[in-house]
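Peer 1: Predicted model and sequence follow; I will ask about them next.
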Amino acid sequence: MRHTQSSLESHLERVRELEEATAEQEVTKREVKALKEEMEARRLEIDVERAKVEEKVRQEVEQVQRGRSFGRN
């Protein structure tokens, strides 16, 4: 009887440890998901800024090219 009770207590403790580990893993999963979402948002911001800079450069190049073609006439 003592052996059975001891064995059950040991199993119960192991189950509690596993439940705690599972809860910690879920917290980590949520944190990773939040970080991924934040990184994606930052990537989109960078893409928007890059597109703005590329458009500005394109416009400036066009202005320079127009200025050169006007200067040749």
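Peer 2: Done, it's in.
Peer 1: contacts and neighbour counts: CA atoms only from here.
Peer 2: Fine.
Peer 1: Could you report the separation of the residue sitting nearest the centre point of the chain from residue 48?
Peer 2: Taking C-alpha atoms, centre = their mean, the centroid of the chain lies closest to residue 36, which sits 1.8 Å from it. For residue 36, the distance to residue 48 equals 18 Å [C-alpha to C-alpha, to the nearest Å].
Peer 1: what pLDDT does the residue nearest to the centre of the chain get?
Peer 2: Listed pLDDT for residue 36 reads 98.
Peer 1: Next: the one 10 residues further on.
Peer 2: Per-residue confidence (pLDDT) for residue 46: 98.
Peer 1: Which helix or which strand is home to it?
Peer 2: Here residue 46, judged by DSSP states H and E, is contained in helix 2-72.
Peer 1: Tell me the helices and strands packed up against that helix.
Peer 2: Using 3 or more C-alpha pairs under 8 Å, 6 or more residues apart in numbering; DSSP states H and E as the contact definition, helix 2-72 packs against no other helix or strand.
Peer 1: For the protein, give me the ranges with low pLDDT.
Peer 2: Applying pLDDT under 70 to the chain flags residues 70-73.
Peer 1: change it to 80
Peer 2: 69-73 (pLDDT under 80).
Peer 1: Residue 67 - how many residues pack around it?
Peer 2: Residue 67 has 11 neighbours, counted by other C-alpha atoms under 10 Å.
Peer 1: what residues are up against it?
Peer 2: For residue 67, no residue meets the contact criterion (C-alpha atoms under 8 Å, 6 or more residues apart in numbering).
Peer 1: ok, so what distance separates it from residue 60?
Peer 2: 10 Å.
Peer 1: Quick one: residues contacting residue 64.
Peer 2: Counting by C-alpha under 8 Å, 6+ apart, residue 64 has no contacts.
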